[in-house]
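Colleague: sharing a model that was predicted from the sequence below.
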Amino acid sequence: MNVTNLIAFLWILTSCNNQLFNDSASSRDVAVEPKVTQDVEVEQTDSLIASEPQMVGGAFLVCHNPPVTDLTAAGVSQSTEKVIGCRALDDQGQPLSGDVSLGQIQFKLTDGSLLEPKPIEQNHDVWLAMFLIEPEIQETILSANGIVAIDGEDFRIDSSEETQAPRLKCPADFVLVPANLAVGIDKAFCISSYEMRQVGGRANSQAVGLPWVSIALDIAKAACIAEGWQLPSNAHWMALARAIEAEPSNWSLGKVGEGALNRGHSDSEPAGLIEASDNFQDACVFTNQACDLSVWSDQRRVHRLNNGLLIWDVAGNAHELVDWVVIEDKASPANAWLEIGDTTPTTSMLASSYFPSRPDWGKAQGMGAYFPGQNGQGGTTQRGGSWGDDDNTGIYALALDLGAQRPHGVTGFRCVSNP
């Protein structure tokens, strides 16, 4: 089906279905890491997704594979059908839930043909639409005003110039992170989906290759700036961690605060950095564990943000540099890993700069631990933990014992972009 016919079909479909929509590192110094690699072939697809353009005010739909629990609730068999689910976001990337109703609709695409949609029963307070697709599309962002447009591999709905609402668009292989005023971030931002790789001497967000490590803080900052980006601030990191913490599917028992968060490649099996995958379902790739987005493992390397987007290795694999230096006035200085909630915040290190949203959440909940070092030493911030840090690894893991000009063999970085 060509684009013109698809657009015409969708507008006819919209007119006929308005009522339906309205109703419904174990050691702090690691010298050598074995290399684990695999060539990853990127799968191309021409499938399209679209939804009724009823939302206003710059809202967006984020579409990807929903958790198996949501599929079961929707009466969909994951073993026999390819499924995309969509969540609605406001213009700052925050998920919209009970105050928005678009109804529930399925579009099934087989060999390029868009078949007749049908309503589904789905009571989840965030999923607003489900789409059956073939072949599978892992993730995309759709604006919710206007008609279908195609821009390379970006499938979206764009409004006309007269009614164009603000759109938050991230670079390729970056994800949108919601604003979080509690940690000092007042606007949504984009962060790389992967720990940065070095490609031709430049920083790139991609699955293939090992993370770019053994890099000093100033060099990491310069590498991001060279691409028009920036090294994440600690506040950026905290907003990212909050968005992960607030997503039920990241928790072992499927509900926020119950069980533990997955902490990524952190058990020294294998004892080194590993590549990622373009397939988010292969969420334990190159570890010695088996998991996917529906089957939990503490070594699962993919987290889902509370806006529905997916990101690799926020916890585990490589430590990650952020643009925050604390040499003096550290919280509870010591040359040891500490439970975050057992430490005393300071003027330089407020609780909002390193605590989970609940202070009693610690290593048992997969949050990670805190290695301050002594005052007057180190000070460069590393977040997330590494492949050998075991249960000290987690999305809130924080180490301050590294000097700014002392590259570390398991410390890499990400970059941030403003949409």
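Modeller: In hand now; what should we look at?
Colleague: so what does the nearest residue to Asp391 once chain neighbours are set aside have for phi and psi?
Modeller: Distances taken as Cβ to Cβ, 6 or more residues apart in numbering place Lys363 nearest to Asp391, at 4.6 Å, with adjacent residues excluded. In short, each C-beta sits where N, CA and C put it, glycine included. Phi and psi for Lys363, reported as degrees, to the nearest 10, are phi -60, psi -40.
Colleague: same question, Ser352
Modeller: Backbone dihedrals for Ser352, given as degrees, to the nearest 10, come out at phi -70, psi -10.
Colleague: touching, the residue nearest to Asp391 and Pro356? I think so.
Modeller: No. Applying Cβ atoms under 8 Å as the test, Lys363 and Pro356 come out as separate, 11.0 Å apart.
Colleague: distance of the residue nearest to Asp391 relative to Gln299?
Modeller: 15 Å (Cβ to Cβ, to the nearest Å).
Colleague: go on, Thr344?
Modeller: Taking Cβ to Cβ, one finds Thr344 at 32 Å from Gln299.
Colleague: please apply the same query to Asp360.
Modeller: Counting by Cβ to Cβ, the separation of Asp360 from Gln299 is 24 Å.
Colleague: settle it for me: which of these two has more neighbours?
Modeller: Looking at Asp360 and Gln299 with other Cβ atoms under 10 Å, you find the greater number of neighbours at Gln299, namely 22 against 10.
Colleague: OK, contacts around that one?
Modeller: Shown in contact with Gln299 (Cβ atoms under 8 Å, 6 or more residues apart in numbering): 262-267, 284, 287-289, 291, 316.
Colleague: mind listing the strands for the stretch 151-300 of the chain?
Modeller: Along the stretch 151-300 of the chain, counting by DSSP state E, counting those that start in this stretch, strands occupy 154-158, 174-177, 189-192, 197-199, 202-204.
Colleague: do I have it right that Asn375 meets Ala331?
Modeller: No. Using Cβ under 8 Å, Asn375 makes no contact with Ala331, being 10.4 Å away.
Colleague: higher neighbour count, these two?
Modeller: Higher neighbour count among Asn375 and Ala331: Ala331, with 23 against 15, using other Cβ under 10 Å.
Colleague: doesn't the more buried one fall inside a strand?
Modeller: No. Read with DSSP: H, G, I helix; E, B strand; the rest coil, Ala331 is coil and lies in no strand.
Colleague: list the buried residues of stretch 242-261.
Modeller: In terms of neighbour count (16 or more other Cβ atoms under 10 Å), stretch 242-261 has its buried residues at 242-252, 256, 259-261.
Colleague: all helices of this structure, in order?
Modeller: For the chain, the helices defined by DSSP state H occupy 3-16, 18-23, 68-73, 217-226, 234-245.
Colleague: got the CA positions of the last one in CSV?
Modeller: Backbone C-alpha positions of helix 234-245 (Å, rounded to 0.1, in the frame of the first residue of the first chain) are rendered in CSV as follows:
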residue,chain,number,x,y,z
ASN,A,234,23.7,14.5,37.7
ALA,A,235,20.2,16.0,37.6
HIS,A,236,19.7,14.4,34.1
TRP,A,237,20.7,11.1,35.6
MET,A,238,18.3,11.4,38.5
ALA,A,239,15.4,12.2,36.2
LEU,A,240,16.3,9.1,34.1
ALA,A,241,16.5,7.0,37.3
ARG,A,242,13.1,8.3,38.5
ALA,A,243,11.5,7.5,35.2
ILE,A,244,12.8,3.9,35.4
GLU,A,245,11.9,3.5,39.1
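Colleague: now for that helix, which elements pack on it?
Modeller: Helix 234-245 sits against strand 174-177, strand 189-192, strand 319-325, strand 380-383, with contacts defined as 3 or more Cβ pairs under 8 Å, 6 or more residues apart in numbering; DSSP states H and E.
Colleague: rewinding a little: just give the number of residues close to the residue nearest to Asp391.
Modeller: Counted by other Cβ under 10 Å, the residues lying close to Lys363 total 21.
Colleague: Gly228 too?
Modeller: Using other Cβ under 10 Å, Gly228 has 10 neighbouring residues.
Colleague: what's the per-residue pLDDT of the residue nearest to Asp391 here?
Modeller: What the model reports for Lys363 is a pLDDT of 98.
Colleague: can you list the domains in the chain?
Modeller: Here the domain parsing of the chain from automatic domain parsing is 3-166, 170-419.
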